[in-house]
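Engineer: Provided below for reference: sequence and predicted model.
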Amino acid sequence: MDPIKVGLIGFGRMGGFYLEEMRKSPEWEVAYICDTSAEAREYARKKAPEAKIVSDERVIFDDPQVQVVGLFALADSRREQIERAFAAGKHVIAEKPIAGNLAGEWKVVDMAEKCGLLSTVNLYLRNSWYHQTIREFIARGEIGELAIIRVCHMTPGLAPGEGHEYEGPAFHDCGMHYVDIARWYANSEFRTWHAQALRMWNYKDPWWLQCHGTFENGVVFDITQGHVYGQLAKDQTHNSYIDIIGSRGIARMTHDFRTAVVELHGVTQTLRIEKPYGGKNIDVLCRRFAESLRSGLRDRNLPRFRDAAVASEYAWRFLDDARSHDMPAIGTLQELDAIHERRRTMTNGYGLLHRRN
């Protein structure tokens, strides 16, 4: 069959990842790359000489041969771009959040659910081999009844002022992925929550947050997220895991952004699985989207816009709850300046890794 023609809008870090994966697959033909930056367009010409490089996104929406648009520019542009895509009869792959504010996100959900076109959003943890493996283990009854979901993601990561402005503080920009994956495991909606946050380095927004609560089905959760983990340590490290506790057994995962280790302690099996981490899993998302588009049957693992809106809404709710409590400020703006300087000059290690990923 002919490859699916796609136009990519926004050729920054994530746009480059999608181009790389789509060029590897015979399912896709990148027909256009659009960016308002002349520098980004020049880079796109070098990376994809076969594609048409444009500065005006309307060229993509107006071309009837383009079947899919990929939206990887800033969040505040997505609602209008999604509306244009649907109006032009085009399917959509988008980064999260799907609009610049929560009201816009729910309007996008309404559009997506009424238009009859295929759409998805990059909630990348759902596409990871390790979470799929754990979920299948749980579905086989190996841990008994699901009871507790514990998620932690603490890294040096992006410091305040390094790219979160259009997606909110760290717990919304990054943390909404962990809000989503907890809900995905529970297969239920949030019922109660209590959040505590901290304003590291005296920054105006919290850069560490922990929230615990319950789902409607009685499953308990706790989520800890912050890009605060040893920013100025001589040798940087991180702490990232999921710990699933059932009435009979457990399943857990840790990773170091290179290798993920899954440990499964069930009633009939004890397994330890170690494989490459897999990054953003964009290859999996693109494959599932292409298969869904060709078959006319949506892959059940393909995230929906509604999933992104729910994760975004509850990440904001947890942040708002934290702001209603005591929210101390620890550290100084001078330390934050030192962190920025270090991250500008790092040539290896976790700082550079998180700038890429």
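Structural biologist: Structure received.
Engineer: residue contacts, the closest residue to G246 other than its chain neighbours?
Structural biologist: Setting aside the residues directly before and after it, G246 is nearest to I143 in space (CB to CB, 6 or more residues apart in numbering), at 3.0 Å. All C-beta atoms are positioned from the backbone trio N, CA, C, and that covers glycine. I143 sits next to F137, I244, I245, G246, S247, R248, G249, I250, A251, H265, G266, V267 when contact means CB atoms under 8 Å, 6 or more residues apart in numbering.
Engineer: and I143, backbone torsions?
Structural biologist: phi -110, psi 10 (degrees, to the nearest 10).
Engineer: and the pLDDT for it?
Structural biologist: Listed pLDDT for I143 reads 98.
Engineer: what's the answer for Y350, then?
Structural biologist: The confidence metric pLDDT takes the value 41 at Y350.
Engineer: what sits up against stretch 152-164?
Structural biologist: If you take CB under 8 Å, 6+ apart as the criterion, stretch 152-164 is touched by 170, 172-175, 178, 201, 203, 205, 207-208, 223-231, 233, 236, 238-242, 336, 339-340, 343, 350-351, 354-355.
Engineer: quick check: ChimeraX command selecting the buried ones in those.
Structural biologist: In ChimeraX, a selection of the buried entries from the contacts of stretch 152-164 looks like this (16 or more other CB atoms under 10 Å):
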select :170,172,173,174,175,178,201,203,205,207,208,223,224,225,226,227,228,229,231,236,238,240,242,336,339,343,350,351,354
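Engineer: nearest residue to the most centrally placed residue in the chain other than its sequence neighbours?
Structural biologist: Central residue check for the chain by CA atoms, centre = their mean: the C-alpha nearest the mean position is that of L123, 4.3 Å away. If you skip the residues right next to it in sequence, L123 has P303 as its closest partner in space, 4.2 Å away by CB to CB, 6+ apart.
Engineer: quick one, phi/psi of the one you found?
Structural biologist: For P303, the backbone dihedrals are phi -60, psi 150 (criterion: degrees, to the nearest 10).
Engineer: got it, and T259?
Structural biologist: The phi and psi torsions at T259 (degrees, to the nearest 10) take the values phi -130, psi 140.
Engineer: how about it, what does it touch?
Structural biologist: Residues E274, K275, P276, Y277 are the ones in contact with T259 under the rule CB under 8 Å, 6+ apart.
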